[in-house]
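Engineer: Please work out how this folds:
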Amino acid sequence: MTQAIQQPVEAQPFWLEEYEAALTALDAGKDNWARTSNAERLQILQHIKDNLLSVAEGWAETAARKKMIPEGSPLVGEEWTSGPYAVMSACNGYMQTFAELERKSYLDHLKTRELATGQTAVRVVPHSIWDRLLLSGVNAEIWMQKGVNRGNLAKHTAVEYDVPTVKRKGKVALVLGAGNINAITPLDVFHKVFNENQVVILKMNPVNDYLTDYLKAALKPLIDRNALRIVKGDGVAGAWLTEHPIVEELHITGAGATHDAIVWGPGAEGIKNKEAGTPKNTKRFTSELGAVCPTIIVPGPWSRADLRFQAENVATQKLHNSGFNCVACQVLITPKTWNKTKTFMANLKSVMASSTRLAYYPGAEDRIATFADHADSTEEVARGAAPACVINPMQDDDYFKTNEVFAPAMSTHAMDDPDPETYLVNAIQWANENLYGTLGGNIIIHPRTIRKIGKKRFEEIIAEFRYGTIAINAWTGLGFLMTPCPWGAFPGHTLEDVQSGIGTVHNTFMFENVERTVVSAPFRPFPRGLLSLQFTLLPRPPWFITNRKQDKVGKLLTRFQYKPGWLKLPRIFLNALLG
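Structural biologist: As a prediction, this is how the structure comes out:
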């Protein structure tokens, strides 16, 4: 008798059983989560804060080690502020909202004003006495889309909670985690579970899946209520999840190429589908996908100290997190004939040279080499054992206008400056028309120059700057850290032309129909700012790469966010001043 030939059985992926169990539990629990009371959500957030405090130090130290930051370096502070601190701050923001959500009475405490454009702006920072002390001189406004005003603001806020509790229906969402800034992933989860009443399967990015155990511990109250599951996996595993029938919505912080591969399909299939307008995946898909972000230097009566301080600001915009930020400065726009441009650039290169942090993110060397290969000429700023920061004086080359470099490299673009107002208008127009994406744009300008232009006219000018977050004398990364601020692209992108993405995250006051966030910070630090009548107590900001005490400040601020108190302020202020 002939024996049948045994065909090899293809082994199932190791993650398949875990993923199926996670999706099943989430699907079963989604309506219960959507109907969870505000009081219970307050308890959940407090439990998250308790858990987060217990793992915060391990989280920050592990992240610093994985990112090749030397032990004891002040740069460990980056992992505190862009990790546990931001998440703790978000918990507090949501707790403020849920405490007064029933009648949306928290809106009564937010100042509004009418902009020069006729739109309504809502000030979200400062919101408390603690904001005024710890973020002295920092302001953040949310500019609403046209048609939203003080009278109807409540109708454009927390709209998911307008549905009666017993009638709410949940959804299962997939969040694809980012690998660079460690607060991104939990904050994306928060937006889904709290702003949108959805449950989440979070697939960690392999670059930072070392955070998995910390996040499982911190977010255990959500896991216990079947509102969250956290899993590891590669790109194949992520693709499997995007197509699973239980997954109803998607969110990604990452690359546009990944987004398009999910929506349209990979390679030639994706190109064909996109041309035909037939997406492979039709689920609702929100995203934050980076950009070629500009920083505009406006000429004015800057002192030597101003030139140095703002060089530290721009160097931070480029080299924070070793350059691996979706909102890093990609193109520095400078005035051609300003007699201080040369000194500013010399200061900038000096600060960059002092930043010897290693490039930890996979593929950095190849991206830097590709960037340099496309340039007619480059200047390399040596940084010891770290890769040199490559600066490209941009010619009329579309490559640098359309390709974000996720590495320590940047372009410069010089523009005519007949007067500050004309220069600023032209620089904004050039950025809008030439640079890919709309995530964040920065403007550095002397207060006296703003007064000369006129406050109303300045507001009209920046209203033309089409970015989801605009920073005046600050970095748009500050808008990311301040979680009341919506974070995402300027509205209007589509699946066919997604650029910096669709939708926003963070936004602890739960506003809808947001146009942008505008963040401003003091032009000069304390105490030097007092000499120019800037009444602010903010010294060198703790997010600056040059801050010598940011590790201490980051830890102290995180503990302060856990439980604010007057007795904690002296140590924070002392270390801030020494920074």
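Engineer: Skipping adjacent residues, who's closest to Thr536 in space?
Structural biologist: Gly137 (3.0 Å; C-beta to C-beta, 6 or more residues apart in numbering). Yep, even glycine has a C-beta here, placed from its N, CA and C like the rest.
Engineer: and the residue nearest in space to the middle of the chain, what element?
Structural biologist: The residue lying closest to the centre of the chain (C-alpha atoms, centre = their mean) is Phe480, at 3.9 Å. For Phe480, the enclosing helix or strand under DSSP states H and E is helix 477-481.
Engineer: Ok, Asp551 next?
Structural biologist: In the assignment (DSSP H and E), Asp551 maps to helix 550-562.
Engineer: where's the nearest residue in space to Leu101 that is not next to it in sequence relative to Leu45, distance?
Structural biologist: Sequence neighbours aside, Asn38 is the residue nearest to Leu101 in space, at 5.3 Å (criterion: C-beta to C-beta, 6+ apart). According to C-beta to C-beta, to the nearest Å, Asn38 stands 11 Å off from Leu45.
Engineer: quick one, what contacts Leu187?
Structural biologist: If a contact means C-beta atoms under 8 Å, 6 or more residues apart in numbering, then Leu187 has 86-87, 90, 483, 505-506 as its contacts.
Engineer: my bad, should have said Val314
Structural biologist: With C-beta under 8 Å, 6+ apart, Val314 has these contacts: 295, 297, 329, 332, 348, 444.
Engineer: would TSV of the residues you listed with neighbour count and pLDDT be doable?
Structural biologist: Formatted as TSV, the entries for the contacts of Val314 read as follows, by neighbours: other C-beta atoms under 10 Å; pLDDT from 0 to 100:
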residue	neighbour count	pLDDT
Thr295	27	98
Ile297	27	98
Cys329	28	98
Leu332	24	98
Leu348	27	98
Ile444	23	98
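Engineer: what about Gln145, how many residues close to it?
Structural biologist: Each residue near Gln145 was counted by other C-beta atoms under 10 Å, and the total is 14.
Engineer: which element is the residue nearest to Ala382 when sequence neighbours are not counted on?
Structural biologist: Closest residue to Ala382 apart from its sequence neighbours, by C-beta to C-beta, 6+ apart: Ala388 at 5.2 Å. Take DSSP H and E as the rule and Ala388 turns out to sit in strand 386-393.
Engineer: And the contacts of that strand?
Structural biologist: Outside of strand 386-393, the residues that reach it under the criterion C-beta under 8 Å, 6+ apart are 318-319, 322-323, 349, 352, 355-359, 364-365, 368, 371-372, 375, 377-383, 400, 407-412, 414.
Engineer: Any chance you could give me stretch 218-228 in PDB, C-alpha atoms only?
Structural biologist: Extracted as PDB, the C-alpha positions of stretch 218-228 are listed here (Å, rounded to 0.1, in the frame of the first residue of the first chain):
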ATOM      1  CA  ALA A 218       0.900  52.100  34.100                       C
ATOM      2  CA  LEU A 219      -2.200  51.600  32.000                       C
ATOM      3  CA  LYS A 220      -3.400  48.500  33.900                       C
ATOM      4  CA  PRO A 221      -6.700  50.100  34.900                       C
ATOM      5  CA  LEU A 222      -7.600  50.300  31.200                       C
ATOM      6  CA  ILE A 223      -6.500  46.800  30.600                       C
ATOM      7  CA  ASP A 224      -8.500  45.500  33.500                       C
ATOM      8  CA  ARG A 225     -11.700  47.000  32.000                       C
ATOM      9  CA  ASN A 226     -11.000  45.500  28.500                       C
ATOM     10  CA  ALA A 227     -10.400  49.000  27.100                       C
ATOM     11  CA  LEU A 228      -6.800  48.300  26.100                       C
END
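Engineer: That one: how far from the chain's middle?
Structural biologist: Computed by C-alpha atoms, centre = their mean, to the nearest Å, the separation of stretch 218-228 from the middle of its chain amounts to 24 Å.
Engineer: buried residues in that stretch?
Structural biologist: Neighbour-count burial for stretch 218-228 flags 218-219, 221-223, 225-228 (criterion: 16 or more other C-beta atoms under 10 Å).
Engineer: hang on, the earlier thing: quick one: work out the angle between whichever helix or strand comes after the helix holding Asp551 and helix 550-562.
Structural biologist: Read in the C-terminal direction, the helix or strand following helix 550-562 is helix 569-578, with elements assigned using DSSP H and E. An angle of 150 degrees separates the directions of helix 569-578 and helix 550-562 when computed by axes from the mean of the first three to the mean of the last three C-alpha atoms, to 10 degrees.
Engineer: Name the nearest residue to the residue nearest to the centre of the chain, sequence neighbours excluded.
Structural biologist: On the basis of C-beta to C-beta, 6+ apart, the spatially nearest residue to Phe480 that is not a chain neighbour turns out to be Trp487, at 5.5 Å.
Engineer: JSON lines for the buried residues of stretch 218-228, including distance to His493 and pLDDT?
Structural biologist: Putting the buried residues of stretch 218-228 into JSON lines (distance: C-beta to C-beta, whole Å; pLDDT from 0 to 100) gives the following:
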{"residue": "Ala218", "distance to His493": "32", "pLDDT": "98"}
{"residue": "Leu219", "distance to His493": "30", "pLDDT": "98"}
{"residue": "Pro221", "distance to His493": "34", "pLDDT": "98"}
{"residue": "Leu222", "distance to His493": "30", "pLDDT": "98"}
{"residue": "Ile223", "distance to His493": "33", "pLDDT": "98"}
{"residue": "Arg225", "distance to His493": "34", "pLDDT": "97"}
{"residue": "Asn226", "distance to His493": "33", "pLDDT": "98"}
{"residue": "Ala227", "distance to His493": "29", "pLDDT": "98"}
{"residue": "Leu228", "distance to His493": "28", "pLDDT": "98"}
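Engineer: Which of the residues you listed sits closest to Pro525?
Structural biologist: For Pro525, the closest of the buried residues of stretch 218-228 turns out to be Ala218, at 33.1 Å, with distances computed as C-beta to C-beta.
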